[in-house]
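Q: Just a sequence and a predicted model for now, questions to come.
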Amino acid sequence: MTEPAAEPIARIFGPEAVGRSIRIRGWLVRARSSGGLLFLVVRDRTGQVQVTARRDVLGESDFDRAEHVQVEGSLEIDGTVAEDRRSPGGRELKAARIHVVQSGDPFPVMADQTEEFRLDQRHLVVRSPEMVATFRVKATLLRALREFLESEEVLEMTPPVLTGNPAEGGAEAFQIDYFGRPGYLSQTAQLYLEALIFPHERVYGLTPSFRAEKSRTPRHLTEYLHLEVELAWCDLAELLDFEERMIVSVAHAVADRRPAELRELGRSPEELRALAAPFARLSYDEAIERLRARGFSIAWGQDLGTAEERALTMEEAQPIFLTRFPKEIKAFYMLETPGNPRTVEAADLLAPEGYGELIGGSCRETDLTRLTERLRATGADLPSYQWYLDLRRYGSVPHAGFGLGVERLVRWITRRDHIRDTTPFPRTPSRHTP
């Protein structure tokens, strides 16, 4: 006789489930016993359910084995679905058989342990309800990003992660020995994506990026997931329109598909559904004036730090664009503002509520002479960038692009205090294990 297949726990809460016999498989969340009665809460990927087991039904040996299962021990249970108003969800499973797959050791992760200990135990902490909810939101967000880009006819590319030169300066690049030659872990795929706009016009990559900066802040990782988009025939206004359409589309998709997880994490889905274009545009000059009016001592030409970005966004309900930065504080490939050589056609998208920069984007410099001069001023090895300069020699066109830090977007959407809680195994200056 064929054994019945296990079913998802969510089936127990279906409209026709009461009275059905069902087999589930999962992990123990918590347990308590009272004489000959055992109460278990068991979870799988679809949810959790209370299981009641009687000693006189299971038998002495099976009941004792079930009674000694540790938190996170694994179980297979056959039983009948019953209504019970006292149980979560109003249903429970009355066990006819409990097979202990693995009883487990005492689970070492508990509440109120230090953050360092929890990072050491990250391979176990990822089972927590907050982590489960966060990574399901993140998976939905990634799917929504790809859906949006496909709807805009932007083609996914697969740029390399190992490179022969640092794209944005060597100080923040991880250098490696590449068979006796210097190599680098990619900081950005932008230069490669620029090469790919000529046959495809609209391209993107979703790859890891690495930054060797010793920033110990709630919004920095040394390895993060980087969404980068390059669009031919695009100016700054068109780029910002594209970015805000993308953020609105993704926020609405996450709100519609993961409302329960968002609420568990402290974000109302209605807040995300309320996002709407256009987002406010604030020039760098206007931002400096606004910050000075609020008591900040900041000179024109200085970059904005965390405190300044928080001051500009804490009371905002929607992201805002900060535009046209001083040329000296931005990358060599950014286009000078027509009529104002002091600034570049660039924009950062700042999240509301003080969560900081989500996206950095710009129009790209197309003039070969200016680009070469800017590159030389950085101290770069020009011969290693000749392939990139070739892109300005053979059919160059106006184009623009941006990079989005996926974990920063997840942090804002899920209201996480620290960016390390938006990735399963965070990499920071002090940690690259487990």
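A: Cool, the structure landed. This is a predicted model, so every value here is computed, not measured. Numbers count the residues shown, from 1 in each chain.
Q: Would you mind giving the secondary structure of the residue lying farthest from the centre of the chain?
A: Each residue of the chain has a distance to the centre, and by CA atoms, centre = their mean the biggest one is for Asp56: 49.2 Å. Three-state call for Asp56 (DSSP: H, G, I helix; E, B strand; the rest coil): helix.
Q: pretty sure it is in contact with Gly36, am I right?
A: Yes. Shown here, Asp56 and Gly36 form a contact pair, counting by CB atoms under 8 Å, at 6.4 Å. Every residue, glycine included, has its C-beta placed from N, CA and C.
Q: who's in contact with the residue farthest from the centre of the chain?
A: Counting by CB atoms under 8 Å, 6 or more residues apart in numbering, Asp56 touches Gly36.
Q: measure it to Asp367 for me?
A: 86 Å (CB to CB, to the nearest Å).
Q: Check Val397 too.
A: 13 Å.
Q: what's the answer for Arg245, then?
A: Taking CB to CB, one finds Arg245 at 29 Å from Asp367.
Q: show me what contacts the closest residue to Pro8 other than its chain neighbours?
A: Among residues not flanking Pro8 along the chain, Thr46 sits closest, at 4.1 Å (CB to CB, 6 or more residues apart in numbering). Residues in contact with Thr46 (CB under 8 Å, 6+ apart) are Pro8, Ile9, Ala10.
Q: wait, doesn't the second one sit right on Val29?
A: No. In terms of CB under 8 Å, Ile9 does not count as a neighbour of Val29; the distance is 11.1 Å.
Q: which residues in the stretch 101-250 of the chain form strands?
A: 155-156, 162-163, 175-178, 181-185, 202-210, 223-232 (DSSP state E, counting those that start in this stretch).
Q: Adding mean pLDDT, mean neighbour count and distance to Arg216, write those out as TSV.
A: As requested, the strands of the stretch 101-250 of the chain are exported to TSV (pLDDT from 0 to 100; neighbours: other CB atoms under 10 Å; distance: least, CB to CB, whole Å):
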stretch	mean pLDDT	mean neighbour count	distance to Arg216
strand 155-156	98	12	33
strand 162-163	94	15	26
strand 175-178	95	11	21
strand 181-185	94	16	20
strand 202-210	98	21	16
strand 223-232	98	22	15
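Q: With Glu353 as the reference, name the closest of these.
A: For the strands of the stretch 101-250 of the chain, distance to Glu353 was read as CB to CB. The smallest value, 20.2 Å, belongs to strand 223-232.
Q: name the helices or strands packed onto the closest one?
A: Packed against strand 223-232 by the contact rule (3 or more CB pairs under 8 Å, 6 or more residues apart in numbering; DSSP states H and E) you find helix 190-200, strand 202-210, helix 236-257, strand 399-405, helix 406-414.
Q: The closest residue to Arg181 other than its chain neighbours: neighbour count?
A: Closest residue in space to Arg181, ignoring its immediate chain neighbours: Gly164 at 7.6 Å, by CB to CB, 6+ apart. Residues within reach of Gly164, counting by other CB atoms under 10 Å, total 14.
Q: The chain should start at 30 in everything you say after this.
A: Noted, 30 is the first residue going forward, which turns the last one into Gly193.
Q: dump the residue contacts of Gly193.
A: Tyr207, Arg210, Pro211, Gly212, Tyr213, Ser413 are the contacts of Gly193 under CB under 8 Å, 6+ apart.
Q: same thing but at 10 Å, please
A: Tyr207, Arg210, Pro211, Gly212, Tyr213, Asp410, Ser413, Tyr414, Trp416 (CB atoms under 10 Å, 6 or more residues apart in numbering).
Q: May I see the residues you listed organised as JSON lines, with distance to Ser157 added?
A: Converted to JSON lines, those look like this (distance: CB to CB, whole Å):
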{"residue": "Tyr207", "distance to Ser157": "39"}
{"residue": "Arg210", "distance to Ser157": "44"}
{"residue": "Pro211", "distance to Ser157": "41"}
{"residue": "Gly212", "distance to Ser157": "37"}
{"residue": "Tyr213", "distance to Ser157": "35"}
{"residue": "Asp410", "distance to Ser157": "47"}
{"residue": "Ser413", "distance to Ser157": "45"}
{"residue": "Tyr414", "distance to Ser157": "46"}
{"residue": "Trp416", "distance to Ser157": "46"}
